[in-house]
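Participant: Okay, sequence plus prediction incoming.
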Amino acid sequence: MKLFSTLPTAALVAGLSLASPASAQSQAAPEIVEIDRIVAVVNDDVIVYSEMQTRLRSVVEQLENAGVPAPPKDVLEKQVLEQLILDRLQMQIGAATGIRVDDETLNRQMADIARQNNLSLREFRDILARDGYDFAVVRKEIRSELIKGQVQQRQVQDRVQVTDRDIDNYLATREKQGGNTPEYRVGHILIAVPDGASPEELAEARDEAEDVVARLNAGANFGRTAAAESDGRQALEGGDLGWRKAEELPTMLENVVPKLNKGELSDIVRSSSGFHIIKMIDVRGAERLVINQTHARHILIKTSEIISKDQARSRLSMLRSRIVNGADFDELARANSDDAGSAVKGGDLGWLSPSDTIPPFEKAMDALAVGAISQPFETQFGWHVVQVLGRRDRDSTEEVQRARAMETLRKRKTDEELETWFRQIRDEAYIEYRLDE
């Protein structure tokens, strides 16, 4: 709060009931009421006691909600004051570098906070009032947080670099520590054959294994079936081999198990001991992320002062009719599409993952069968027709692991850089403590 930042210390004392000379003799001495006082000077700005107490109450409330006992008040006051000093320094840097948050941006942020709590903005405001928070003060605090976020991004975050080598080293270290090594919980049924089994005995065992698989596919309980049918050592444990890494699996299974999805049965596996049926009960430590991708192409007609929505839709309807009647989509897209990036490729957008495109486009595309062409539809970019050329499942596990590693490393480096930067700006500032005065 900068209410008193431009006033001398004496101006922080109010309530001097100055009586006139005529009445002063019959009245008590004027009462001095301290309504606020400076607790710290930060460069050419000040932090006042009421500001510190407001933050203190908020911190105590957060600690209570988290079930954490608050430290003694004098200790907590000093910690809160240090936090306020860092906040004030960042706000000063923001002002000096021209960082501003306009009302439109602030309103969007307030609306987002309300929406995240499943509230309308009015309901959010009512709840704040009910809990004793001044809406204007909350807006000011959120504006400050947005400004500090931009200051930190400009001063620190934009300078943080995470290289491919950093990611490779991080993933390699995690793998050595077992962090990326999957473990499989495997169910196993063995239909054994004797040494030197005759072709007839082998065929009989194979038929028995196929019968077991058929019953399992029809819904039979794997554990119960294993206990009744398996010749394996874990039969009485329902065939459960427990949690094992790939290198701990029997040799004939090490290339079979990792390819199974959770709950999936393997094909029958032949070994010298007989016929094996494997079920992936569970997997942990290496989440596989398979996404469905769509190969699509489109034609875009943008609206403008010259081309109205009706004209754009009508033009696309005619182009669609020509395509349906045998015209080449590629040629029409090159000649007519306003999407310069894809027009040169005949409208081809390549393989698209979920969320690669805006929701209205993705919804229209997902509703199409392979080969189908949509009716004209509108998005914020204009009017489209889209054709689906194909669909596929793609294992994006490695990409996701690298993206998560990137996020982890960036956060780690940012936290380290922020701590260094906080010390730097604090060391370079003029700070005068008056809390104990």
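Facilitator: That came through fine.
Participant: for the stretch 1-150 of the chain, what spans make up the helices?
Facilitator: Listed in chain order, the helices of the stretch 1-150 of the chain (DSSP state H, counting those that start in this stretch) span residues 21-24, 49-65, 73-96, 103-116, 121-130, 135-155.
Participant: Give me the contacts around the fifth one.
Facilitator: I take that to be helix 121-130. With CB atoms under 8 Å, 6 or more residues apart in numbering as the test, helix 121-130 has contacts from Met110, Ala111, Ile113, Ala114, Asn117, Leu119, Asp134, Phe135, Val138. In this view, the C-beta of every residue, glycine as well, is placed from N, C-alpha and C.
Participant: quick one on the thing from earlier: what about the helices of the stretch 1-150 of the chain, which gets the closest to Arg185?
Facilitator: Of all these, helix 103-116 sits nearest to Arg185, with 36.9 Å by CB to CB.
Participant: which residues are contacting the closest one?
Facilitator: Contacts of helix 103-116 (CB under 8 Å, 6+ apart): Ser120, Leu121, Glu123, Phe124, Arg139, Ile142, Arg143, Leu146.
Participant: tell me, how many neighbours does Val48 end up with?
Facilitator: When neighbours are counted by other CB atoms under 10 Å, Val48 registers 22.
Participant: Apologies, that question was intended for Ile307.
Facilitator: Ile307 has 16 nearby residues by other CB under 10 Å.
Participant: Kindly report the same for the one 3 residues further on.
Facilitator: Neighbouring residues of Asp310 were enumerated by other CB under 10 Å; the total is 10.
Participant: Secondary structure class of it, three-state.
Facilitator: Secondary structure, DSSP: H, G, I helix; E, B strand; the rest coil: Asp310 is helix.
Participant: so how far is Gln79 from it?
Facilitator: 64 Å (CB to CB, to the nearest Å).
Participant: what do you get for Val137?
Facilitator: Val137 is 21 Å from Gln79, where distance means CB to CB.
Participant: what does Val256 give?
Facilitator: Applying CB to CB, the value for Val256 to Gln79 is 57 Å.
Participant: Kindly report the same for Thr105.
Facilitator: For Thr105 relative to Gln79 (CB to CB), the value is 31 Å.
Participant: Strands of the stretch 151-300 of the chain, start to end?
Facilitator: Listed in chain order, the strands of the stretch 151-300 of the chain (DSSP state E, counting those that start in this stretch) span 183-192, 240-245, 269-271, 274-284, 290-301.
Participant: Kindly report the same for the stretch 301-437 of the chain.
Facilitator: For the stretch 301-437 of the chain, the strands defined by DSSP E, counting those that start in this stretch cover 348-352, 377-379, 382-395, 431-433.
Participant: Nearest approach to Leu300 belongs to which of those?
Facilitator: Of all these, it is strand 382-395 that lies closest to Leu300, at 5.3 Å by CB to CB.
Participant: Packing partners of the closest one?
Facilitator: Here strand 382-395 touches strand 290-301, helix 309-324, strand 348-352, helix 359-366, strand 377-379, going by 3 or more CB pairs under 8 Å, 6 or more residues apart in numbering; DSSP states H and E.
Participant: one step back: and the furthest pair within the contacts of helix 103-116?
Facilitator: Glu123 and Leu146 (22.0 Å).
Participant: And the two? Which one has more around it.
Facilitator: Higher neighbour count among Glu123 and Leu146: Leu146, with 17 against 12, using other CB under 10 Å.
Participant: Show the contacting residues for Ser58.
Facilitator: Not one residue lies near Ser58 by CB under 8 Å, 6+ apart.
Participant: Tell me the spacing between it and Glu141.
Facilitator: The value you get for Ser58 to Glu141, if CB to CB is used, is 9 Å.
Participant: cool, Ile268 as well?
Facilitator: 66 Å.
Participant: Same check on Asp195?
Facilitator: 79 Å.
Participant: quick one, domains of this structure?
Facilitator: 35-151, 156-181+397-437, 183-284, 290-395 (automatic domain parsing).
Participant: Make TSV out of those domains and add mean pLDDT.
Facilitator: Below are the domains of the chain laid out as TSV (pLDDT from 0 to 100):
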stretch	mean pLDDT
domain 35-151	90
domain 156-181+397-437	87
domain 183-284	90
domain 290-395	95
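Participant: quick one: which of Val256 and Gln79 has more around it?
Facilitator: Using other CB under 10 Å, the more surrounded residue of Val256 and Gln79 is Val256, with 17 against 12.
Participant: residues touching that one, list them.
Facilitator: By CB under 8 Å, 6+ apart, the neighbours of Val256 are Ser266, Val269, Ile278.
Participant: Once you drop chain neighbours, what's closest to the first one?
Facilitator: Nearest-residue entry for Ser266: Ile278, 4.0 Å, with adjacent residues in sequence omitted and distances by CB to CB, 6 or more residues apart in numbering.
Participant: Likewise for the second one?
Facilitator: Beyond its immediate neighbours in the sequence, the residue positioned closest to Val269 (CB to CB, 6+ apart) is His276, lying 4.2 Å away.
Participant: Cool, thanks, talk later.
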